[in-house]
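Colleague: Sequence plus predicted model, see below.
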Amino acid sequence: MAKKRTKAELKRPPTKHQLSRWQRQQRIQRIIVIAGTLFFVLIVSYIGYGYYDEQVKPLHQPVVKINGTVFDMDYYIKSLELYSKGMDATATSDMADKLVGVMEYSEVIRRTSPDLGFSVSADEIDSELKNLGLPDDKVYRDAISATLLTSKVLQNYFDPKVPTECEQVQVQAMFLESNKVANEVIDRLVAGDDFSSLAKEYSVEAITKEFGGDLGWLPKDFADVFLGDLGNSLLKDIAFNLEPGVLSEPTYDSSVTKGLGYWLVEVIEKDEEQGSHARGMLLGSRQEVEEIKARIEAGEDFGALAKEYSQDLASKKLGGDLGWIQQGGLPQEGEIGSWVAAGFALQLEPGVLSQPVADDSVKTKGGYWLVKVVDRDDSRAFGDEARGMLKMKLFENWVNEQRGKSSAESYLTEEQKSWAVARVLKDRG
């Protein structure tokens with residue numbers, strides 16, 4: 001019969017070999033746990049950094065600086081979301097291009113309205129946020145503040161500046177390239193031709209050409225506003241010094257820009273390899289080209305006249321020198337001369353002056369006004385639509401003046417704008 005083992009014998013301490021093996025196993029387990037933990041931490045950190053780097057970090061990057069105030073990408077995206085609400089992807093992308101201007105407008109309104117005596121309270125903004133269901137965030141507070149201030153400035157500052165009636169004249173006008181053309185048009189008007197038809201045919205100024213010379217009723221005190229780009233011309237002065245039914249004399253105005261010019265070109269020399277070495281001058285009318293050409297033929301220097309009269313700024317300072325021109329190597333946009341001038345130069349022999357070469361791809365200044373006052377009213381009333389339009393124009397002019405004193409610097413790249421648009425579109429679902 002086997003001897004029964006005592007508890008002490010059952011709890012005999014492990015041998016050195018067993019102890020060593022257990023310790024190794026424990027160390028291995030700890031190493032595995034530590035390695036697993038480190039691996040998990042690294043994976044989470046990598047994913048977290050990638051998310052931070054791709055989704056969070058860009059939101060804190062400065063994208064616009066307006067009058068010293070820096071706006072980050074988060075502000076830009078929230079603004080884009082607000083101002084493009086309801087728009088499709090294309091319109092949202094277009095808004096992204098315009099958004100810096102919108103942000104500048106908002107900043108200018110909020111900064112300058114107090115100078116006119118207008119402000120908005122926190123309670124007004126809170127109330128509007130609640131009405132619109134918008135979160136209490138700086139972007140939305142800024143937008144609502146600008147909107148409320150715009151309404152106050154329009155209604156309480158500019159509306160009182162617009163009278164209900166004032167002296168007005170109903171005007172027809174056309175802008176002609178030369179005195180010679182103006183006299184030809186006058187002869188046709190005297191013969192009974194229609195002013196509107198002639199304006200569409202001969203006017204070289206875009207507005208009067210498009211509308212057949214009809215400028216409608218111009219209020220004396222606000223003619224500049226209604227005339228827009230023509231407000232700084234002599235047009236209004238001519239109109240308000242005419243009696244109804246009387247046609248003005250041709251009046252030269254150097255301030256008006258037209259999409260037409262005429263080249264006078266001469267080839268200095270030709271070379272089989274280099275092509276034609278040409279010079280030219282850009283003038284405002286066919287008549288002016290003919291007059292300058294006659295002076296050159298009488299012995300005056302081409303280069304000196306080009307420096308004095310040419311409206312092509314690049315070649316003007318070079319005495320009209322257009323350089324060497326080769327077939328197939330005509331000037332690109334922004335370079336000296338034009339396709340028209342270069343193409344014509346290739347056809348000329350050395351020493352021969354060209355005829356006037358019309359070019360509607362250039363801009364020149366100067367021409368002659370013909371103006372007619374159809375009717376005059378010393379106290380013509382403004383309709384609601386006209387008052388509203390005038391009020392808006394006065395407001396826009398004021399805003400543009402304030403923006404002229406403002407500074408806006410954009411750091412946005414096309415890649416950043418695309419990223420912002422994609423994020424807005426994704427958040428919309």
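Modeller: Right, received. Where do you want to start? Numbering: from 1, shown residues only.

Colleague: Where do the strands of this structure begin and end?
Modeller: 62-66, 69-72, 165-176, 214-219, 251-258, 261-271, 275-283, 321-325, 357-359, 364-381, 408-410 (DSSP state E).

Colleague: For those strands, could you give me JSON lines that also reports mean pLDDT?
Modeller: Shown next, in JSON lines, are those (pLDDT from 0 to 100):
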{"stretch": "strand 62-66", "mean pLDDT": "88"}
{"stretch": "strand 69-72", "mean pLDDT": "90"}
{"stretch": "strand 165-176", "mean pLDDT": "95"}
{"stretch": "strand 214-219", "mean pLDDT": "93"}
{"stretch": "strand 251-258", "mean pLDDT": "94"}
{"stretch": "strand 261-271", "mean pLDDT": "91"}
{"stretch": "strand 275-283", "mean pLDDT": "91"}
{"stretch": "strand 321-325", "mean pLDDT": "87"}
{"stretch": "strand 357-359", "mean pLDDT": "91"}
{"stretch": "strand 364-381", "mean pLDDT": "95"}
{"stretch": "strand 408-410", "mean pLDDT": "88"}
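
Colleague: okay, these, which one's buried deepest?
Modeller: strand 275-283 (a mean of 25; mean count of other C-beta atoms under 10 Å). Any C-beta I mention is one placed from the backbone N, CA and C, and that applies to glycine too.

Colleague: Direction included, what does that strand pair up with?
Modeller: Strand 275-283 pairs in its sheet with strand 261-271 (antiparallel), strand 321-325 (antiparallel), by DSSP bridges.

Colleague: That one vs strand 364-381, what angle?
Modeller: Taking axes from the mean of the first three to the mean of the last three C-alpha atoms, to 10 degrees, one finds strand 275-283 and strand 364-381 inclined to each other by 30 degrees.

Colleague: Per the annotation, how does the chain divide into domains?
Modeller: The chain resolves into domains spanning 62-160+399-428, 165-258+366-381, 261-362 when parsed by automatic domain parsing.

Colleague: Columns distance to Met392 on top of these, output as TSV?
Modeller: Listed next are those as TSV, based on distance: least, C-beta to C-beta, whole Å:
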stretch	distance to Met392
domain 62-160+399-428	8
domain 165-258+366-381	10
domain 261-362	33
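
Colleague: what's the closest of the strands paired with strand 275-283 to Glu300?
Modeller: Across the strands paired with strand 275-283, Glu300 has its closest neighbour in strand 261-271 (12.4 Å, C-beta to C-beta).

Colleague: Show residues contacting stretch 398-411.
Modeller: With C-beta atoms under 8 Å, 6 or more residues apart in numbering as the test, stretch 398-411 has contacts from 61-68, 100-101, 103-105, 107-109, 112, 158.
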